[in-house]
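**Q** fold the following, please.
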Amino acid sequence: MRGNRTLARLALLLRGFARGKQWSALALWFMCGLPLMAVSRLSLALDELFHRDLVDLPLEKPVFIMGHPRSGTSFFQSHVFHSGTAAMFTTWELFVPSLLLRRLLRPLVRVLSRNNADLLQSSDYGHEVRLTQVEEDEGIFLHRLDTEMMTFLCPRLLTDDDLANVGFRLGWLSRKETKRSAEFYRRCLRRNVYHSGKRRVVAKSNPSVFRLQQLLRTFPDARIVYMVRDPVDSV
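**A** Numbers count the residues shown, from 1 in each chain. All right, here's what the predicted structure looks like:
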């Protein structure tokens, strides 16, 4: 199934869960995954209807932070975020890329944050993840089911031959689908510039090192910051 689109990948994912008799995962995707994807697509389309200037909003020399695990990319990203000088995604904004939906959900997120109820992952399991903390951009590709993160959320993708070979891993999609994902990413970055009022965008996405050629084709004036740390220091 080369060159398949998001809905085709979703259908294959659901069939994979059914073959593996993972009924709870199948039900969860039907009850939550399908409606959320539909709402996301509709709200993104409405964004461009109500915010016509989004289409031509310039992205001036975007900066992409990359590096191997434990190389300090999260620390550097957090430092830039707290400087207030650039547009960056927080975790909840990755879940909700639409400007219209953000307006509706922002009060709820503020309440959760004020009551310290926005923790998604404690530091005991890696770096701390909160709804209102800055996070790496890879999560944005979940909206197109075009990310290696799928193998963490759905481990069956690693063992089912049909699923593993169809394109849930980085760089496995057709050129046409890859361009669509890159354009989707560009539109989401524009929304963050619009939403934040900042002129520059800084993104951290370590897995995007595998998309480096496509990123540079999409953003020819981009700046790449690749962080290197001695593995012994990491240990």
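**Q** can we go C-alpha only for contacts and neighbour counts from here?
**A** Fine.
**Q** the helix of greatest length in the chain: how far from the chain's middle?
**A** Counting residues, the longest helix found in the chain (DSSP state H) is helix 175-196. In terms of CA atoms, centre = their mean, to the nearest Å, the centre of helix 175-196 is found 10 Å from the chain centre.
**Q** just checking, A87 touches C188?
**A** No - checked against CA atoms under 8 Å, the pair A87 and C188 is beyond contact range at 11.3 Å.
**Q** so for these two, which sits in the more crowded spot?
**A** A87 (24 against 21; other CA atoms under 10 Å).
**Q** next one: phi and psi at that one?
**A** Main-chain torsions, A87, degrees, to the nearest 10: phi -80, psi 130.
**Q** partner strands of the following helix or strand past the longest helix of the chain and their direction?
**A** Of the helices and strands lying after helix 175-196 in sequence (DSSP states H and E), the nearest is strand 202-204. Strand pairing for strand 202-204, determined by DSSP bridges: strand 63-67 (parallel).
**Q** and the partner strand, how far from the chain's centre?
**A** Strand 63-67 sits 14 Å away from the centroid of its parent chain (CA atoms, centre = their mean).
**Q** now do it, average pLDDT.
**A** What strand 63-67 shows for mean pLDDT is 91.
**Q** what comes up buried for whichever helix or strand comes after it?
**A** Moving toward the C-terminus from strand 63-67, the next helix or strand (DSSP H and E) is helix 73-83. Neighbour-count burial for helix 73-83, counted by 16 or more other CA atoms under 10 Å, picks out T73, S74, Q77, V80, F81.
**Q** residue ranges of the helices in this structure, please?
**A** 6-19, 23-28, 34-50, 73-83, 91-95, 99-114, 150-153, 161-164, 175-196, 212-218, 231-234.
**Q** show me what the third one is packed against.
**A** With contacts defined as 3 or more CA pairs under 8 Å, 6 or more residues apart in numbering; DSSP states H and E, the secondary structure elements packing on helix 34-50 are helix 99-114.
**Q** deepest of the helices of the chain, which one?
**A** helix 91-95 (a mean of 20; mean count of other CA atoms under 10 Å).
**Q** got the contact list for that one?
**A** With contacts defined as CA atoms under 8 Å, 6 or more residues apart in numbering, helix 91-95 is touched by R102, V109, V129, R130, L131, T132, Q133, V134, E135, D137, G139, I140.
**Q** what about 7 Å?
**A** Helix 91-95 is contacted from outside by R130, L131, T132, Q133, V134, E135, G139, I140, using CA atoms under 7 Å, 6 or more residues apart in numbering.
**Q** how far off centre is it?
**A** That offset, for helix 91-95, works out to 8 Å (CA atoms, centre = their mean).
**Q** mind starting the numbering at 875 from now?
**A** Fine by me, first position is 875 from now on; the one you just mentioned is helix 965-969.
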